[in-house]
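Visitor: Need the 3D shape of this:
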Amino acid sequence: MKKSILALTLASFLFSSCAFYAKPTAVSIKYPSAFKEKLSKYEKDQHLYKDWWKTFDDKTLDYYVDLALKKNTNYLIALKNIELSKAYVLENSSVLFPSFNLNASATKEKLSRRTPTGRFFNIPPYTTYNLSVNASYEIDLFAKALNAYRYYKENVKISKEEAKAIKNALVMNTVNNYYQIVENAHYIRLLEKEIGIAKKNLEVAEANYKAGLASYQSIDQAKNTLLNLEQTLETYKAQRKVLINAFAYLLGEYPEDFKFSIYGTMPKSFAIPKAIPSTVLTTRPDVKEAMYNVISSAYQKKIALANFFPSFNLTANYGYQSQKLNELITQPSIAWNFGLDILTPILNWNQNLGLYKASKIELAQSILNYRQTVLNAFKEVDDAIAQYKTDDINYKNLENTYKNTLDQYNIALANYKAGLITYANLLNYKTNLIESKKALLNQKLKLIQDISSLYNVLGY
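Guide: Just a heads-up that it's a prediction; the model follows:
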């Protein structure tokens, strides 16, 4: 019963060849007209930057991003995959046209006396010369070759989107890694300043103890503070080596040959768009790749369906044949033939049926994957915007805290000069200022990472 239904389906396709030649219908996916999270309150640039990392105005960063795009192995492999996909397109385009072959041969032959042909004739050995052009062409009645060609063209688009996704992730990781190293250097300098203050605190505690103004416990506390700061400093120095090694690999370099001694500066401002249109996700690499995979699967389904029908192959041969070489290219030596071969599948029904069913399932899977990719893209963008907004609020709070701490230190400095507070009190205010600056520095790095993540999930 199932086979009869399928047979009727095949018959309907047979009388409607446009089903084979028509391009697949695009899958329509509904998505929100705007993201749930908004950036409307930010009064910065109103458009998305293609080279967004250049908004940080850091020429050193620009240099390393360019270097990563030129030398990162994963990205270079992705670019080679595009070239490979194009080569497959070129290879499969050949079946759309007739093939021609030039054949030149010379054969020496003697008939056996023990065969019906040579039994009664004593024919001496003779040579036959042949010069001909052979041509063959498969009539693509059911567009099997055409759809295979289109399938490989879609693979080129898929390879391009895969390369773009790798490029976007590479740029994001390069920016993040670079500013992690820069932040690390600034943090180390702040720790060194804080260690200097801790040493002075220890000296003050020892002097007060000797003068009988403080207990030995104050010395222990000062020593523990200094020890903790020194251990933290060593941790950050070790972390710097790891970060630089990772950066070297990202740039396609060996850590042994890579030197990074640049101190660098953190960005002073950030370029964030006022609003992000939801349509921007239609250009996101994984979304476009999922869409091309749907089209590719549709072509595979058409190819699988064409397997049920016969193939038609035209063959022709035109040339010269003679037993004398000097008479080869003459009018009497002309020989030609042409014909039509028809190949009809008979005993491989289950194989073709299995391939066709599998192609239908793969098409359904690719459509579901397309929808899931779009859904996931919206989630990632909403999450990235929400994370940026949260970290931006925290950064502004820490900025206010730093300003207040700086004001308090300036007041304490004036009071110290006026003899109203002790040197130990002034050092505490200075320590608080450095701690506030460290917190602000860490939060700025989070903002940079949020921005690079946002542009990455937007497909930039």
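
Visitor: if I look at Tyr318, how far off is Pro267?
Guide: Tyr318 sits 73 Å away from Pro267, going by Cβ to Cβ, to the nearest Å. Just so you know, the C-beta spots here come from the backbone N, C-alpha and C atoms, and that holds for glycine as well.

Visitor: Pick out whichever of those two has more residues nearby.
Guide: Taking other Cβ atoms under 10 Å, Tyr318 and Pro267 do not tie; Pro267 has more neighbours (18 against 13).

Visitor: Let's verify that one: helix, strand, or coil?
Guide: coil (DSSP: H, G, I helix; E, B strand; the rest coil).

Visitor: Wait, it touches Asp58, no?
Guide: Yes - because the distance of 7.0 Å satisfies Cβ atoms under 8 Å, Pro267 is recorded as touching Asp58.

Visitor: In the stretch 201-350 of the chain, mark out all the helices, start to finish.
Guide: 216-250, 285-306, 349-417 (DSSP state H, counting those that start in this stretch).

Visitor: Pick the most buried one from the ones you listed.
Guide: Among the helices of the stretch 201-350 of the chain, helix 285-306 has the highest mean neighbour count (mean count of other Cβ atoms under 10 Å), at a mean of 22.

Visitor: Quote the end-to-end distance of stretch 112-124.
Guide: Counting by Cα to Cα, to the nearest Å, you get 10 Å between the two ends of stretch 112-124.

Visitor: quick thing: my sequence starts at 516, can you match it?
Guide: All right, first residue 516 from here; so that's stretch 627-639.

Visitor: any idea of the mean pLDDT in that stretch?
Guide: Summarised as a single mean, pLDDT over stretch 627-639 is 67.

Visitor: Then stretch 666-680?
Guide: Per-residue pLDDT over stretch 666-680 has a mean of 96.

Visitor: Please apply the same query to stretch 865-881.
Guide: Mean pLDDT, stretch 865-881: 92.

Visitor: just checking, what packs against the helix or strand hosting Lys953?
Guide: Per DSSP states H and E, Lys953 falls inside helix 938-972. Judged by 3 or more Cβ pairs under 8 Å, 6 or more residues apart in numbering; DSSP states H and E, helix 938-972 is in contact with helix 659-725, helix 864-932.

Visitor: So which of those is nearest Leu626?
Guide: helix 659-725 (42.8 Å; Cβ to Cβ).

Visitor: The closest one vs helix 938-972, what angle?
Guide: 180 degrees (axes from the mean of the first three to the mean of the last three Cα atoms, to 10 degrees).

Visitor: between helix 659-725 and helix 731-765, how big is the angle?
Guide: 160 degrees.

Visitor: From the chain's centroid, how far away is helix 659-725?
Guide: The chain centre lies 18 Å from the centre of helix 659-725; the measure is Cα atoms, centre = their mean, to the nearest Å.

Visitor: and if you look at stretch 851-861?
Guide: 46 Å.

Visitor: Report the contact partners of Pro792.
Guide: Applying Cβ atoms under 8 Å, 6 or more residues apart in numbering to Pro792 gives the contacts Ala549.

Visitor: gap between it and Val686?
Guide: On the measure of Cβ to Cβ, Pro792 and Val686 end up 22 Å apart.

Visitor: can I get the helices of the stretch 716-865 of the chain in JSON lines with distance to Lys586?
Guide: Below are the helices of the stretch 716-865 of the chain laid out as JSON lines (distance: least, Cβ to Cβ, whole Å):
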{"stretch": "helix 731-765", "distance to Lys586": "9"}
{"stretch": "helix 800-821", "distance to Lys586": "21"}
{"stretch": "helix 864-932", "distance to Lys586": "28"}
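
Visitor: closest one to Tyr652 among these?
Guide: Evaluated over the helices of the stretch 716-865 of the chain, closeness to Tyr652 peaks at helix 800-821, with 16.8 Å, by Cβ to Cβ.

Visitor: Between helix 659-725 and that closest one, find me the angle.
Guide: Using the same axes, to 10 degrees: helix 800-821 against helix 659-725 is 150 degrees.

Visitor: name the helices or strands packed onto helix 800-821?
Guide: Using 3+ Cβ pairs under 8 Å, 6+ apart, the elements in contact with helix 800-821 are helix 533-536, helix 659-725, helix 864-932.

Visitor: Need those helices in CSV (columns: distance to Ser812).
Guide: Formatted as CSV, those follow (distance: least, Cβ to Cβ, whole Å):
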stretch, distance to Ser812
helix 533-536, 16
helix 659-725, 9
helix 864-932, 4
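
Visitor: Looking at those helices, which is nearest to Tyr975?
Guide: helix 659-725 (6.4 Å).

Visitor: Okay, buried residues for the helix holding Lys953 please.
Guide: 939, 941-942, 944-949, 951-956, 958-972 (16 or more other Cβ atoms under 10 Å).

Visitor: ditto for stretch 606-621
Guide: Quick answer for stretch 606-621 (16+ other Cβ under 10 Å): 607, 610.

Visitor: measure that stretch end to end?
Guide: End-to-end distance of stretch 606-621: 32 Å, with Cα to Cα as the criterion.

Visitor: where's stretch 826-835 relative to the chain centroid, distance-wise?
Guide: 47 Å.

Visitor: Now the lengthiest strand in the chain - C-alpha only, PDB.
Guide: Using DSSP state E, we find that the single longest strand of the chain is strand 641-654. The C-alpha trace of strand 641-654 is given here as PDB (Å, rounded to 0.1, in the frame of the first residue of the first chain):
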ATOM      1  CA  TYR A 641      47.300  -6.200 -39.300                       C
ATOM      2  CA  THR A 642      47.300  -2.800 -37.700                       C
ATOM      3  CA  THR A 643      44.300  -0.600 -37.100                       C
ATOM      4  CA  TYR A 644      44.700   3.200 -36.600                       C
ATOM      5  CA  ASN A 645      41.900   5.200 -35.000                       C
ATOM      6  CA  LEU A 646      41.400   8.900 -34.400                       C
ATOM      7  CA  SER A 647      38.100  10.000 -33.000                       C
ATOM      8  CA  VAL A 648      36.200  12.400 -30.800                       C
ATOM      9  CA  ASN A 649      33.900  10.800 -28.200                       C
ATOM     10  CA  ALA A 650      31.100  12.800 -26.700                       C
ATOM     11  CA  SER A 651      28.600  11.900 -23.900                       C
ATOM     12  CA  TYR A 652      25.800  13.900 -22.200                       C
ATOM     13  CA  GLU A 653      23.400  12.800 -19.600                       C
ATOM     14  CA  ILE A 654      20.000  14.400 -20.200                       C
END
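
Visitor: residues making contact with the host helix or strand of Tyr578?
Guide: If you go by DSSP H and E, Tyr578 is part of helix 574-586. With Cβ under 8 Å, 6+ apart as the test, helix 574-586 has contacts from 568-569, 590, 682, 685-686, 689-690, 693-694, 762, 765-768, 777, 779.

Visitor: So among the residues you listed, which ones count as buried?
Guide: Buried members of the contacts of helix 574-586, counted by 16+ other Cβ under 10 Å: 568, 590, 682, 685-686, 689-690, 693-694, 762, 765-768, 779.
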